[in-house]
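# prediction below, plus the sequence it came from.
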Amino acid sequence: QQQVKQSPQSLIVQKGGISIINCAYENTAFDYFPWYQQFPGKGPALLIAIRPDVSEKKEGRFTISFNKSAKQFSLHIMDSQPGDSATYFCAASNTGGGADGLTFGKGTHLIIQP
Amino acid sequence: DTAVSQTPKYLVTQMGNDKSIKCEQNLGHDTMYWYKQDSKKFLKIMFSYNNKELIINETVPNRFSPKSPDKAHLNLHINSLELGDSAVYFCASSRDFSGGSTNEQFFGPGTRLTVL
């Protein structure tokens, strides 16, 4: 059972364009939704995160949009740059449920073409 | 000044062997985790430890056992290695998981395990 579904699997965007990655979750107990960025040979690094009490969070060029009723959230990368080329993972957890690990989506391989 | 470190970075071994991967965090965090990333890059939680107590044990074979000598370390022992154990293993840590925390997890650089 895949509790967090992520799409697309891969994405090619021109430099300066907007990259959009979508995720949907099933477990209504999830209350923390981070996005991680992973470069080849490195560990995942937190990019931005949101809680369900807000519908949007913006940090620089990165924005999370959250739709609680639809159980969906998405990452928007504005003015995408070649340095943004990486694998992006959405994730979710229930912070009130103990030391819960993150449930990850399957990842999106993003390529920004110069 | 590395936050979460793992050793070794690469591990190549024969089927049937027993091996360990070490993890250390210098962030003062209370909870540590082990994740497995398969060849398709899918990340899945294996274990988490809080205050030296195992909190989660997903459907992981009992050949895998986490060992935490202290709050800053969580080692992963694997017995009787199988071909399917080949993957990248990530250690992570976070602050106290109490309700309201962000549960931000900091990941180590990973250990690539290859079983021949």
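The structure has been received and is ready for your questions.

# can you list the strands that the worst-scoring helix or strand of chain B on mean pLDDT pairs with?
Least confident helix or strand of chain B, by mean pLDDT, DSSP states H and E, is strand B:53-57 with a mean of 75. Take DSSP bridges as the rule and strand B:53-57 pairs in its sheet with strand B:43-50 (antiparallel).

# gap between the partner strand and the chain center?
From the chain centre to the centre of strand B:43-50 is a distance of 7 Å (CA atoms, centre = their mean, to the nearest Å).

# what about that strand, average pLDDT?
Strand B:43-50 shows a mean pLDDT of 90.

# using PDB, write down the CA coordinates of stretch B:104-116.
Extracted C-alpha coordinates of stretch B:104-116, given in PDB (Å, rounded to 0.1, in the frame of the first residue of the first chain):
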ATOM      1  CA  GLU B 104      12.600  17.600  10.400                       C
ATOM      2  CA  GLN B 105      14.900  14.800   9.700                       C
ATOM      3  CA  PHE B 106      18.600  15.300   8.800                       C
ATOM      4  CA  PHE B 107      20.000  12.500   6.600                       C
ATOM      5  CA  GLY B 108      23.500  11.100   6.400                       C
ATOM      6  CA  PRO B 109      25.400  10.700   3.100                       C
ATOM      7  CA  GLY B 110      24.400   7.000   2.800                       C
ATOM      8  CA  THR B 111      26.100   3.700   2.600                       C
ATOM      9  CA  ARG B 112      26.000   1.800  -0.600                       C
ATOM     10  CA  LEU B 113      25.800  -1.900   0.100                       C
ATOM     11  CA  THR B 114      26.500  -4.400  -2.700                       C
ATOM     12  CA  VAL B 115      26.000  -8.100  -2.000                       C
ATOM     13  CA  LEU B 116      27.700 -10.400  -4.500                       C
END
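
# centre of the chain to that stretch, how far?
7 Å.

# quick one: buried residues of it?
B:Gln105, B:Phe106, B:Phe107, B:Gly108, B:Pro109, B:Gly110, B:Thr111, B:Arg112, B:Leu113, B:Val115 (16 or more other CB atoms under 10 Å in any protein chain shown). Glycine gets a C-beta too; all of them are placed from N, C-alpha and C.
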